[in-house]
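[1] fold the following and give me the result.
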Amino acid sequence: MPRNYRLKELILQVLDKKELSKKELLEYIKKNSKMNISDKTFNESLMTLLKEGKLCMIGYDFSIYQDVKRIQSIRPDGIIFSLVKTDFFEIESLLKKLDTGNEEEVKNASYKLRRIFRNRILEKQEEGTLKEEIDTLLGGESVDAVFNKIIFYIDSQPEKQKRILKTKLAWSLSDVESEDNFLEDILKYIKAQEVVGL
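    Got it, this is the predicted structure:
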């Protein structure tokens, strides 16, 4: 098994337990594995996982600066990484967190969901299945703006319909292969609503 593959698997296993800064993650892996890891190899593995959409950056650990009052440079050691989980239950849980009153929870859930949504849209565009709908719907808008429209639309529905739509959205964003075309359907519906001015 190639060393880079093993390192990527270790990173995913560690981040499955908790979110860590780059510094904490590297220290943990060096301490708990028998691998001799260079910074270059570690950075390459992190970048590959980020590009594959398996990780996301969710914050910054300012404690790496210790007592420095005036910070004038950004050190990558403080970047906090999180695993992007795309199983149905994780996504459903993130969607539920959008309704909590906890501002930090809502912000983190929203960030993770946007990341998953972006990755799913890119996948579908690459497959060619959503190219036309996305290009038409975006009309100069960002994928994040489209995500906001979907969430706003779902939230505007009666409670029973809202639960059904959130479940369908969770399935469509999950890594489960499905025949359900919820993403395509809701994108077309939102576009139709815009055309008729609703």
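[2] for Thr167, see how far away Glu184 is.
    Counting by Cβ to Cβ, to the nearest Å, the separation of Glu184 from Thr167 is 17 Å. No exception for glycine: its C-beta is placed from N, CA and C like everyone else's.
[3] helices of the protein, residue ranges please.
    Per DSSP state H, the chain carries helices over the ranges 3-17, 22-32, 39-51, 88-97, 103-127, 131-138, 143-155, 159-173, 182-196.
[4] pLDDT at Arg163, what is it?
    At Arg163, the model reports a pLDDT of 89.
[5] again with the one 3 residues further on
    What the model reports for Lys166 is a pLDDT of 89.
[6] what about it, neighbour count?
    Residue neighbour count, defined by other Cβ atoms under 10 Å, stands at 20 for Lys166.
[7] what's the answer for Asn102, then?
    10.
[8] dihedrals phi and psi, it?
    Dihedral pair for Asn102: phi -80, psi 110, per degrees, to the nearest 10.
[9] per-residue pLDDT, it?
    For Asn102, pLDDT reads 87.
[10] what does Tyr28 give?
    At Tyr28, pLDDT is 92.
[11] any idea how far Thr167 is from it?
    Where Thr167 is concerned, Tyr28 sits at a distance of 36 Å (Cβ to Cβ).
[12] for Arg75, same thing?
    Distance from Arg75 to Thr167, counting by Cβ to Cβ: 42 Å.
[13] check Arg118 too.
    21 Å.
[14] now do Val106
    19 Å.
[15] next one: Phe89
    Phe89 is 11 Å from Thr167, by Cβ to Cβ.
[16] compare those two (neighbour count), which wins?
    More crowded of Phe89 and Thr167, by other Cβ under 10 Å: Thr167, with 15 against 10.
[17] which non-adjacent residue is nearest that one?
    Glu92 (6.9 Å; Cβ to Cβ, 6 or more residues apart in numbering).
[18] who are the contact partners of the one you found?
    Contacts of Glu92 were listed using Cβ atoms under 8 Å, 6 or more residues apart in numbering, and they are 166-167, 170.
[19] quick check: which ranges of this structure have low pLDDT?
    Residue ranges of the chain with pLDDT under 70: 1-3, 128-140, 177-180, 193-198.
[20] switch the cut-off to 90
    1-6, 16-18, 32-39, 50-60, 63, 66-74, 82-90, 98-112, 114-157, 161-198 (pLDDT under 90).
[21] show residues contacting stretch 102-122.
    53, 56, 58, 82, 84, 86, 91, 94-95, 97-98, 100, 130, 134, 143-144, 146-147, 172-173, 183.
[22] buried ones in that stretch, by neighbour count?
    For stretch 102-122, burial by neighbour count (16 or more other Cβ atoms under 10 Å) applies to 108-121.
[23] this completes my enquiry, with thanks.
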